[in-house]
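Novice: turn this into a structure:
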Amino acid sequence: MNVNAGRFLTKRAMLNPGTVGLVAEGKRYTFHELNKRANRMAHVTDGLGVRPGDRVCVVALNGVEHYDLFFGLGKNGGILVPVNHRLSSAELRDVIEDAGPRVVVYGPEFDGLIDSIRDEVPPFRAVRIGEGRGKDPSYEDLMSRAKDFEPMVEGGNDDELVIIYTGWVAGKPRGVMLTHENFLWASITMSATLNRLGPSFLLPLPFFHIGALGWLPFFMHRGISCVLPRKFNPHRFVELVNEEGVNSFGVVPTMLFFIKETGIFKEKGMDRVENILSYGSATPSDLIREYAGHGIRVRQLYGLTESSGPVLVIDGEYALEKMGSCGLPFFHTEVRLVDDNGLDVPVNQVGEVIIRAGHVMKGYWDKPEATADAVRDGWLYTGDLARTDSDGFFYIVDRKKQLIITGGENVSPSEIEAAIVEHPEVVDAAVVGKPDPIWGERAEAYVMKKPGSGLTEEEVINWCAQRIARYKRPRKVEFVREIPRTLTGKLEKRRIKPEREKEGD
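Specialist: The predicted model follows:
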């Protein structure tokens, strides 16, 4: 049997042609209409020269276009690369250079961003959503002229379907390769584990997140209608819960905070909500208690891009009893905690989370050494540290990789550090993650400046603003007399003390 994710939509359109599969930007699309659009996209990209294995990047806010591209490229063997539209031009250039796309689809909001990198990367065909611009044809015009018959299916099984970039390592972007089979197994394990989802699911996360994109095959398998806001707005979110009879949604904890600030608990529509899945970072206990006080159980989910999403989830009935836990492994997902020698650790002892499942990534794009380091003997080594209690529930306690997760976004401290030390008045820098009541975590920087420098906190933050995305910038800067390092140059962040603390010693 050839597993092709594009065909998931074909089959759902056969079984439930008249059922609404997507609500986006005030428009309703049946599964039949979505399948016709995916077929058109397969023919459009074929006409643009996309062949099996070629990459197509999309830089756009959420919309039906992501459905078109995911399932359309699935059918013709192309690889979708959903790019974080919040990247700086330098970061986007790095991603485009690494992915080497044949085509870049972009929204009108990002005209300037696309123009800023055109002359710095290998040439690509550009398609603009909305009206065409210059040599860039209109997405809608291309779609309207394309045939909508089923294309000859190309690829599947272990072929890459998606590459999602998760961060920078050693100054280079790192793309996670996910295959057709990865998405099949992710959907199967989710279907066997998550109950009471649907018939309508509100999805406010951007599609460059696996926390959004990873739901699409699951929606096809379950025939679930996705309610898709263009971008997250808490007040519009509440309106959609009411208007569309939503009973489930997936969010990051930061969104939960802004949603409850709207006074959503007073809305009658919340009576229908049975499932809130919170993921991306740990959900603050106060938020869980506040929602529970209004009869709404928040289910924490732990997942990774490298695992196509699902790893651990807690059932709603344990949300309060097991506060702080992200639950138990998904049905078809094996999870262990091991020490540095790869041996299982006992209950209540901290170990590294490792995963084995059909939905574990194929590897990192064009990075065989990084892949070999992450996937060993069929197990994905996550770099996350956790413990289990006597009932087998998992509790994430730390991260070996030191990633900062702010508002559900992965931020590499080394990337911020590299930007700061480029400043001519900076000698060295270290960045750490600190708890934040709204964003989960925030980046804070310790900076060692040159003797006699008058460099200020504001100047450091503004310097970063010109080099990295807004969400990655440090929220606070402390100046230190030295950045402690080991003989091998490794940062010893726990030994850092701000200058004002040293002065008081």
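
Novice: excluding sequence neighbours, find me the nearest residue to residue 477.
Specialist: Spatially, and ignoring its direct neighbours in sequence, residue 477 is nearest to residue 457 (4.1 Å; C-beta to C-beta, 6 or more residues apart in numbering). From N, CA and C alone the C-beta is placed, and that goes for glycine too.

Novice: okay, that neighbour and residue 481: tell me how far apart.
Specialist: Separation of residue 457 from residue 481 (C-beta to C-beta, to the nearest Å): 16 Å.

Novice: just residue 100 next, same as before
Specialist: Distance from residue 100 to residue 481, by C-beta to C-beta: 45 Å.

Novice: tell me which of these two has more neighbours.
Specialist: More crowded of residue 100 and residue 481, by other C-beta atoms under 10 Å: residue 100, with 15 against 11.

Novice: where does the stretch 201-350 of the chain dip in pLDDT?
Specialist: Counting by pLDDT under 70, the stretch 201-350 of the chain contains low-confidence residues at 268-269.

Novice: middle-most residue in the chain, spatially?
Specialist: The centre of the chain sits closest to residue 209, judged by C-alpha atoms, centre = their mean, with a distance of 2.3 Å.

Novice: pretty sure that residue sits against residue 408.
Specialist: Yes - with contacts counted by C-beta atoms under 8 Å, residue 209 reaches residue 408, the gap being 7.0 Å.

Novice: between these two, which contacts overlap?
Specialist: Common contact partners of residue 209 and residue 408 (C-beta atoms under 8 Å, 6 or more residues apart in numbering): residue 280.

Novice: report the helix or strand with the lowest average pLDDT across the chain.
Specialist: Within the chain, no helix or strand scores below helix 499-503, which has a mean of 46 by mean pLDDT, DSSP states H and E.

Novice: any idea how far apart the tips of stretch 24-38 sit?
Specialist: 16 Å (C-alpha to C-alpha, to the nearest Å).

Novice: distance from that stretch to the middle of the chain?
Specialist: Distance of stretch 24-38 from the chain centroid (C-alpha atoms, centre = their mean, to the nearest Å) equals 24 Å.

Novice: what's near enough to touch the residue nearest to residue 477?
Specialist: The contact partners of residue 457, by C-beta under 8 Å, 6+ apart, come to 476, 477, 479.

Novice: only the buried subset of those residues, as a ChimeraX command please.
Specialist: Entered in ChimeraX, the line below selects the buried ones among those, by 16 or more other C-beta atoms under 10 Å:
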select :477,479
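
Novice: can you tell me which of the contacts of residue 457 comes closest to residue 425?
Specialist: residue 479 (10.9 Å; C-beta to C-beta).

Novice: tell me where the stretch 401-505 of the chain has helices.
Specialist: 413-421, 457-465, 499-503 (DSSP state H, counting those that start in this stretch).

Novice: okay if I get the ones you listed as JSON lines plus distance to residue 37?
Specialist: What follows is the helices of the stretch 401-505 of the chain, written out as JSON lines (distance: least, C-beta to C-beta, whole Å):
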{"stretch": "helix 413-421", "distance to residue 37": "37"}
{"stretch": "helix 457-465", "distance to residue 37": "38"}
{"stretch": "helix 499-503", "distance to residue 37": "59"}
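
Novice: many thanks, we can stop here.
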